[in-house]
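Chemist: Need coordinates for the below:
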Amino acid sequence: MRSIKYLNTILTVLTVLLALQLWTTWTMPAAGWDHAQHALAQDGLANAGAQRKQLIDQTKALTDKVDQLANLFKTGKARVQVEGLSTEKPATN
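Modeler: The predicted structure is shown next:
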């Protein structure tokens, strides 16, 4: 009889603790998630899609500029002059 009473007490305590945990889980995420999203927005991570689009646009612009420079070299409108060319041979191991 004594062991059943002890078991019922332990089960009741566990039930109360689980109910409190469930209540805390249901009531706290709204404030917690809003704070996390605000922190991410301050770090610039909230709008990853826009960042990727900006990165792609910048990459395309850079590619266009490199193509224009390559065309200048191909047509002879741009030339490269190397100064300070060393006549020493590099050491080999």
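Chemist: give me the low-pLDDT residue ranges for this protein?
Modeler: 29-46, 90-91, 93 (pLDDT under 70).
Chemist: for it, what spans make up the helices?
Modeler: Using DSSP state H, the helices of the chain run over residues 2-27, 29-43, 48-75.
Chemist: For E88, which of those is the nearest?
Modeler: With distances scored as C-beta to C-beta, the stretch of the helices of the chain nearest to E88 is helix 48-75 (28.2 Å). Backbone N, C-alpha and C define where each C-beta goes, glycine included.
Chemist: Run the chain-centre distance for the closest one.
Modeler: Helix 48-75 has its average C-alpha position 23 Å from the chain's average C-alpha position, going by C-alpha atoms, centre = their mean, to the nearest Å.
Chemist: Take the helices of the chain and write them to a markdown table, including mean neighbour count.
Modeler: Rendered in a markdown table, the data for the helices of the chain read as follows (neighbours: other C-beta atoms under 10 Å):
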| stretch | mean neighbour count |
| --- | --- |
| helix 2-27 | 10 |
| helix 29-43 | 10 |
| helix 48-75 | 10 |
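Chemist: I appreciate the help and will end here.
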